[in-house]
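Colleague: Below is the sequence, then the predicted model.
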Amino acid sequence: MTNTLKIDALVVGGGIAGMQASLDLADQGYQVALVEKNPSVGGMMAGLSKVFPTLDCCSCITTPKMSAVAHHANISLMTYSEVQSVMGNEGDYQVRVMKKPRYVIEDECSGCRSCEMVCPLDLPDYDNEYGRGAHRVIYVPFSTAVPQKALIDIDNCIYCGKCLKACTTNAIDFAQQPEYVNIETTSIVLATGYKTTPYDAKKEYGGGRLRNVVHGMMVERLLAPTGAYGRQLRPSDGRQPDNIAYVQCAGSRDLTLGVDYCSRVCCMYAIKQAMLLAGALPMADITIYYMDIRAFGKGYEQFYENAKAMGIQFVKGKVARITEDENQNPILRVELIDQNSRVVERKHDLAVLSVGMLPGFDPNSMYGVPVDKDGFIKAPNPNISPTLTMREGIFATGTATGPMDIVDSIITAGAVAAEAAAYIQSHNGHRQLVAEQTERSVTHA
Amino acid sequence: MPEKDESQAKPREEPRIGVYVCNCGGNIGNVVACDNVARVLGKLPNVVTSHSHMFMCSDPGQNLIIDDIKEKGVNRVVIGACSLFLHEQTFRSAVERAGLNPYLYYHVGLREQVSWVHHDNPKEATDKATRMMMGGIAKARYMRPLEPVRLDAGKHALVIGGGVAGLRSALDIARRGLQVTLIEKSHYLGGHMAQWERVFPTHQKARVLLKELIERVLAEPNITIHTGAQVVRTQGYVGNFQIKIRQEPRGVHGAFPNEQEAVAVCPIKQRREFDYGLSTRKAIYRAYNGCVPESLVIDWENCTKCGECVKVAPEGMINLNEEAREFDLKVGAVVLATGFKPYEPLYGEMGWKEFPEVITLAQLHRLLDDEGPSDGKFYWNGHPVRDVAIIHCVGSRQIEGVHRPQPDGNVNNYCSRVCCTASMSMAALIRQKAPDAKVYDIYEDIRTYGRGHEDYYRNAGKEQVTFLRYFAEEIPEVMRADESADRPLLVKVKDHLTWGETIELPVDLVVLATGMMPNPVDDLIGMFKVSPGNDRFLLEVHPKLRPVETAVNGIVLAGTAQGPMNIQESCAAAGAAASKVAALLIQGEVELEPFVAVVDPERCNGSGKCIEHCPQEEALTLETFTENGRTFQRAVVTPANCNGCGVCAGVCPNRAIDVAGWRLDEFEAMVEAITDEIPAMEGAI
Ligand SMILES: Cc1cc2nc3c(=O)[nH]c(=O)nc-3n(C[C@H](O)[C@H](O)[C@H](O)COP(=O)(O)OP(=O)(O)OC[C@H]3O[C@@H](n4cnc5c(N)ncnc54)[C@H](O)[C@@H]3O)c2cc1C
Ligand SMILES: Cc1cc2nc3c(=O)[nH]c(=O)nc-3n(C[C@H](O)[C@H](O)[C@H](O)COP(=O)(O)OP(=O)(O)OC[C@H]3O[C@@H](n4cnc5c(N)ncnc54)[C@H](O)[C@@H]3O)c2cc1C
């Protein structure tokens, strides 16, 4: 089955940047399609606990945006969908989108989760819980997902048919096929986001090998009310940690990993997590090993000062290596920059790697949009027009254009909407003019 | 002829109230026993359904409300959750999607008003939450459907400030097909960006980049620009601001061949602001060569009107008797892009003003500028500069009790965001211009956070800039060296990169990496009723979610008026501001909250008390009516001008005026309910 959709802007990626860009364009009266490869919109932000520097609960500020893009009259939301091809020219792109089969009919599913209750198989949840939680084979991705629709991990399904019986709306369809949508659009906005540095990238840190070395996103999930555990624990024995270390720049500003840039958010999220952990575990010692604390945003410096006042320890030092003792306590070998680079060993019972940001997607082959040497989308005029790409009619926003936090993602989303809107306006205006001229020449011929 | 207001009538339908208590992911639920609250409230009259939920704002939460409206016939909704600033719109739109009037929903702030302030007392907090919800439910019984006030909006925006942010947002708004007026206080466009020679992260020539942008703005037919112009009066509201602008005379219009001569004959010498006093200018001058508009301008404050320049200039070119002019504008929205000013150190702060060899980073930029006062030669006082110390965080990241406060009593406890990368870029440039110079960089943290910024840091290291680290509590000292020393200044630093050793650095020049302060805009703050934050920069509605909007509908922020930013960030914010303006004005109509005064025509006897006390201009008027041959007076509300403050309701002797959505009967019911008995519940609360 193939449909054609004529729109003004196609937004690729439904993280906070893509959602905000869609809303800012749709609010201006433009027709937008938002394509997200995952079964829910929300991106990385949907998995966070609370956000710096306001300590707003993250779901409380993400879910309304997720809901708004789903309900906006001018937005067609396509989740669990991927762009297959992009053809055509500047200002007149033909895009083919594949809606992957959920094996659940989206229009029928009411999100009641009865199917989940009866499904007999649990799978580790890698997508949302980094393997630390589980979901059923048929599942709604997470409790605040938009859309609230189930999908089946067909590779792991044993076709026992229990869900089929439990479903009250007959929404399950094991034979579902991909659907294709053809889109004609004037402009494209890339909001494909980031992924975190794999925590085993720097072998010396033992991520993935040492059990009590975790990464920032795992801690977000421990702190989130929607997380799998609902309490703080260290992986090896489930005990509450009481001496936690943060290792900053784990994957950023590190030429040995080929990442020469600063990831911008890790200082702040480490400080945030340290504060939240200090709240949850009042007796715990928390130490942040850093090179420079980069609390540069509005209100961030005060946030940093508050953390110091709460007793969080900040040590200017570069962690060289992490090993463990017989109790699986991480031992950090630290070069104390503030003490003439003296090297010491410090024992903690949990080490958190403040992993940085890597580009989420390389759009070059599909969209003809090149990336820069850092792997993020190249900006031809970063000072004045930060959301332009090397290709006319295609724009970029959010962390697809380099590491940034939520507020900066929202700001660049507004900026990309302005840039794209102006482009659409001139193009549509031009198109209208051509149409009028054609009409005139026809009637006067 | 005022008709009897539909919403005035007592609700005809029986209230069927749906009650929802949000856990807020633990924000509320960890303190308030939400399940119990919901259960207790379920017992109240008219409550047909009562739930608690982890996230009411999520789609499943919203669907719960929608289903109840559709299936259980709920016709009044009471939600206890976070602050209504965050989610009123979210829930209104959910209620509306279910087909109910969106104003038949009432929001109780259980997070800010209960769980956050009473986290140490869960029992009492639960009690308070229950009572507040009972108040909400009581109000719900009286709520009437309301319609937003719809007004025509001018498809025209005013941008205040012609720096890079103002220019960029004017361009974006105009390209969307709206009219824009841009006013700039000074006599040239571009703001501070014009003063930097090369800018990070691209190392491009700032004035070349700026010129390109200005040319695009000038080519845009929808934009009108006034320089030397400021707002003197404002009135109105979103969609319809009436603004009076005053434009100072320029005195000179257009270029003429012997401009240099006209300048040369001027007897007045002043410090040149553009060079931060590193050079001088006349009372007839040009900010810098190549500025837009290009023509010379008269400095009225210092001009003695001696007329020498008029004598040499072609007839009619210079008019020393030109008057300022005032004109009115009607616009739908306003962009505040009034920018920053570099921090001016206090006398004696690290030697500032005490020693002439202490300059700011902004001055260093001028000094190293090829078109600057020393043609880019790194000279000070006629001598080449050899050794330099750059001290970071001057006027930023200050700590109370350590740093001297500003005149308002506060220290600048924020990071200025641009100085680190700007300093790195300058440090490397010094080394390139003066390869023998020693450059000491004295910092707290190096914050080269942005894309491409880290390259500047690495490059400074490659250029053998020496780094020293100080702690904010131990501010480096700048002092005069001995007569015999061959460097005039000595900088004393407790350096934490070497065991906290105190190191003395003999230098020729000290550069203070001064941060940003907002341009003083108290007049605009007063006129537009926007607020500054604790850091004195203009305040946004929500620092995460709505970073470019202010609490005043129709007034948005762009660039450094809101907080320290670099050029890229200023332009991004300017674009975001333009998006908001476009969304607001493109339809030609704006919606305002319906919470405005309404007059009960049966009761109003034209006493005029309300008009006497109304603090808003033109919100209430007394009008004469004739009905069945009888002539009488009655108060009439202009909804667009009313801000719903309710003063009128308090002074009316006849209870004839009320605020829609907040009527006296609703208040009375709420007060009664809050003080009522909490319904008993099997099991304890
Ligand atoms: C541990 C941690 C904690 C953090 N804490 C905070 C905090 O407290 N405050 C804060 O401000 N910031 C925080 N951040 C940063 C924050 O997560 C990001 O700023 C923000 O999520 C970026 O949003 P985005 O939309 O640019 O990218 P993403 O959230 O990555 O969204 C991109 C979306 O695009 C989709 N996508 C990718 N490629 C394609 C494709 N080809 N087709 C279709 N869809 C595609 C992805 O599935 C994803 O949904 C934190 C980051 C980390 C790692
Ligand atoms: C030393 C230094 C070096 C820097 N180097 C770089 C760099 O290399 N790269 C980079 O990206 N950024 C750099 N920056 C930052 C950059 O200068 C700013 O980001 C940018 O100039 C901000 O632009 P703006 O339009 O917000 O403010 P401004 O440039 O301050 O412009 C504001 C304008 O508004 C006008 N105005 C003020 N009040 C009123 C009023 N009431 N009515 C009418 N008009 C008014 C002012 O006259 C001014 O023209 C540097 C900053 C400093 C201090």
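Modeller: Ah, there it is. Ligands and ions are numbered 1, 2, ... in the order given.
Colleague: Show me the domain layout of the chain.
Modeller: Defaulting to chain A. The record's domain parsing of chain A by automatic domain parsing lists A:1-100+A:178-193+A:360-445, A:102-175, A:198-356.
Colleague: if you could check chain B rather than the one you did, that'd help
Modeller: According to automatic domain parsing, the domains of chain B span B:14-146, B:156-248+B:325-339+B:523-589, B:259-312, B:342-517, B:593-660.
Colleague: With mean neighbour count and mean pLDDT as new columns, can these be given to me in CSV?
Modeller: Bear in mind the C-beta positions are built from the backbone N, C-alpha and C, glycine included. Formatted as CSV, the domains of chain B follow (neighbours: other C-beta atoms under 10 Å in any protein chain shown; pLDDT from 0 to 100):
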stretch, mean neighbour count, mean pLDDT
domain B:14-146, 21, 94
domain B:156-248+B:325-339+B:523-589, 22, 96
domain B:259-312, 17, 96
domain B:342-517, 19, 94
domain B:593-660, 17, 92
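Colleague: Of all these, which one is nearest ligand 1?
Modeller: domain B:156-248+B:325-339+B:523-589 (6.5 Å; C-beta to the nearest ligand atom).
Colleague: what separates that closest one from the chain centre, distance-wise?
Modeller: The chain centre lies 11 Å from the centre of domain B:156-248+B:325-339+B:523-589; the measure is C-alpha atoms, centre = their mean, to the nearest Å.
Colleague: circling back to that earlier point, looking at the domains of chain A, which is nearest to chain B?
Modeller: Between chain B and the domains of chain A, the tightest spacing by C-beta to the nearest C-beta is seen for domain A:1-100+A:178-193+A:360-445, at 2.5 Å.
Colleague: Can you give the distance of the closest one from its chain's centre?
Modeller: That offset, for domain A:1-100+A:178-193+A:360-445, works out to 15 Å (C-alpha atoms, centre = their mean).
Colleague: residues near A:Gly356, how many?
Modeller: Using other C-beta atoms under 10 Å in any protein chain shown, A:Gly356 has 26 neighbouring residues.
Colleague: most tightly surrounded among the domains of chain A?
Modeller: Highest mean neighbour count among the domains of chain A (mean count of other C-beta atoms under 10 Å in any protein chain shown): domain A:1-100+A:178-193+A:360-445, with a mean of 21.
Colleague: Distance to A:Arg102 added to the domains of chain B, as TSV?
Modeller: Below are these laid out as TSV (distance: least, C-beta to C-beta, whole Å):
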stretch	distance to A:Arg102
domain B:14-146	16
domain B:156-248+B:325-339+B:523-589	30
domain B:259-312	57
domain B:342-517	37
domain B:593-660	41
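Colleague: and of those, who's closest to A:Asp56?
Modeller: Distance to A:Asp56, taken as C-beta to C-beta, is lowest for domain B:156-248+B:325-339+B:523-589 among these, at 6.4 Å.
Colleague: anything in that closest one near ligand 2?
Modeller: Yes - using C-beta under 6 Å from any ligand atom, domain B:156-248+B:325-339+B:523-589 reaches ligand 2 at B:160-166, B:183-186, B:191-193, B:196, B:199-200, B:230, B:337-339, B:524, B:559-560, B:565-568, B:570.
Colleague: now the strands: where do they sit in the stretch 451-600 of chain B?
Modeller: With strands called from DSSP state E, counting those that start in this stretch, the stretch 451-600 of chain B shows them at B:466-469, B:477-480, B:489-495, B:501-507, B:509-514, B:516-518, B:555-557, B:589-592, B:597-599.
Colleague: As CSV, could you dump the C-alpha coordinates of the third one?
Modeller: Going back to what we said before, that points to strand B:489-495. Listed next in CSV are the C-alpha coordinates belonging to strand B:489-495 (Å, rounded to 0.1, in the frame of the first residue of the first chain):
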residue,chain,number,x,y,z
LEU,B,489,54.0,45.2,36.3
LEU,B,490,54.1,42.1,38.5
VAL,B,491,51.3,39.6,38.7
LYS,B,492,51.2,37.4,41.8
VAL,B,493,49.3,34.1,41.4
LYS,B,494,48.9,31.2,43.7
ASP,B,495,49.1,28.5,41.0
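Colleague: Please work out which residue of the stretch 101-250 of chain A is closest to ligand 2.
Modeller: Counting by C-beta to the nearest ligand atom, the stretch 101-250 of chain A gets nearest ligand 2 through A:Tyr194, at 22.5 Å.
Colleague: Same question for the stretch 351-500 of chain B.
Modeller: For the stretch 351-500 of chain B, C-beta to the nearest ligand atom, closest residue to ligand 2: B:Ala422, 3.9 Å.
Colleague: again with the stretch 301-445 of chain A
Modeller: For the stretch 301-445 of chain A, C-beta to the nearest ligand atom, closest residue to ligand 2: A:Asn383, 5.9 Å.
Colleague: What's the separation between that residue and ligand 1?
Modeller: In this structure, A:Asn383 and ligand 1 are 20 Å apart, going by C-beta to the nearest ligand atom, to the nearest Å.
Colleague: before we move on, what about A:Ala73?
Modeller: A:Ala73 is 23 Å from ligand 1, by C-beta to the nearest ligand atom.
Colleague: residue contacts, that residue?
Modeller: When the contact criterion is C-beta atoms under 8 Å, 6 or more residues apart in numbering or on different chains, the partners of A:Ala73 are A:Ala26.
Colleague: Quick one, grab the pLDDT at it.
Modeller: On the pLDDT scale, A:Ala73 is placed at 93.
Colleague: TSV please, covering the domains of chain B and showing distance to chain A.
Modeller: TSV is the format used below for those (distance: least, C-beta to the nearest C-beta, whole Å):
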stretch	distance to chain A
domain B:14-146	4
domain B:156-248+B:325-339+B:523-589	2
domain B:259-312	16
domain B:342-517	4
domain B:593-660	18
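Colleague: B:Glu666 in helix, strand or coil?
Modeller: With DSSP: H, G, I helix; E, B strand; the rest coil as the basis, B:Glu666 sits in helix.
Colleague: tally of neighbours for it?
Modeller: Other residues close to B:Glu666 by other C-beta under 10 Å number 21.
Colleague: Pull up the gap between the closest residue to the residue of the stretch 351-500 of chain B closest to ligand 2 other than its chain neighbours and A:Glu204, please.
Modeller: Nearest residue to B:Ala422 in three dimensions, chain neighbours excluded: B:Leu361, at 6.1 Å (C-beta to C-beta, 6 or more residues apart in numbering or on different chains). Relative to A:Glu204, B:Leu361 is positioned 38 Å away (C-beta to C-beta, to the nearest Å).
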